[in-house]
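Participant: Compute the structure for the input listed below.
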Amino acid sequence: MRAALPLLLASACAMPRHWPPKPAEHPATRGELGAYELTVQAPSTEERAAFTRALSALGFDVVDHPPYRRQLEVTLTHEPPALVATLRSDGFFVDEAVGDTVEDLARTLAVSERVKDFIRNSGVPQQWDIPETRGSIPRSGSHGVASATVSLIHP
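Facilitator: You can find the predicted model right below:
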C-alpha cells in the first residue's frame, strides 16, 4: 500500500494527452463553418478524401492548397486505437478531436465550443496582435520618414 501511494499521486496529477471535447451550447452554423477555408492533412490520400467528405458534409469549406493566413488546417494522425484531428490556424492550436472514425472527428469539431469561438472571434487571441504585414519584404529606399509640404496662399 505504501509503495502504491507515490504512483497513485503521480497518476492523479498527470496531464491528459488530449484536450477533452467541449460541445458548444450554441455551435457554429453551417454558414459559419464555411466562412473559413480548411486545409486537410492526412497520412494517406484515401484518408484525406474520406475526412474531406465528412467535413464538407457538415459545412466546412475544404480546400486543396496550403492554408492562407488566418485560415484553418486540420491534421489527421493515428494514435491507436483512435484517430486524432488537430485543428490549427497560423500554427496556433484551435481544437482537437479524438474518435474512431473520420465522421466522429468531423462531428466533434463541427459542434466544438473552441471552433465556435474561433469563428465568432475572428481567430484565436494570439493572432490578434500579429501585424497584417507579417512576412512581407521591405522595399529598398523606404528608410526615411515621409513628409509633406503645405503652402499657404494669402489673398
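
Participant: make it CA atoms for all contacts and neighbour counts henceforth
Facilitator: Fine.

Participant: Tell me which other helices or strands the longest helix seen in the chain touches.
Facilitator: In the chain, assigned by DSSP state H, the helix with the most residues is helix 45-57. When contacts are defined as 3 or more CA pairs under 8 Å, 6 or more residues apart in numbering; DSSP states H and E, helix 45-57 sits against strand 37-41, strand 61-63, helix 102-110.

Participant: out of these, nearest to residue 19?
Facilitator: Between residue 19 and the helices and strands packed on helix 45-57, the shortest gap by CA to CA is with helix 102-110, which sits at 11.9 Å.

Participant: Now the residue nearest to the spatial centre of the chain: which helix or strand?
Facilitator: With distances taken as CA atoms, centre = their mean, the residue of the chain nearest its centroid is residue 88 (2.6 Å). Residue 88 is part of strand 82-89 when elements are defined by DSSP states H and E.

Participant: What's the first helix or strand after that strand?
Facilitator: By DSSP H and E, the next helix or strand past strand 82-89 is strand 92-99.

Participant: Now find how far off-centre that next one is within its chain.
Facilitator: Mean-position distance between strand 92-99 and its chain equals 8 Å (CA atoms, centre = their mean, to the nearest Å).

Participant: Pull the residues that contact that strand.
Facilitator: 18-21, 82-88, 104-105, 108-109, 112, 114-115, 118, 124, 126-127 (CA atoms under 8 Å, 6 or more residues apart in numbering).

Participant: Would you mark the buried spots in that strand?
Facilitator: 94, 95, 96, 97, 98, 99 (16 or more other CA atoms under 10 Å).

Participant: pull the CA atoms of that strand into PDB?
Facilitator: What follows is strand 92-99, C-alpha atoms only, in PDB (Å, rounded to 0.1, in the frame of the first residue of the first chain):
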ATOM      1  CA  PHE A  92      -1.800  28.200 -33.200                       C
ATOM      2  CA  PHE A  93      -3.900  25.500 -31.600                       C
ATOM      3  CA  VAL A  94      -7.600  25.800 -32.100                       C
ATOM      4  CA  ASP A  95      -9.000  22.400 -31.100                       C
ATOM      5  CA  GLU A  96      -8.600  18.700 -31.100                       C
ATOM      6  CA  ALA A  97     -10.900  15.800 -31.600                       C
ATOM      7  CA  VAL A  98     -10.300  12.100 -30.800                       C
ATOM      8  CA  GLY A  99     -12.500   9.400 -32.300                       C
END
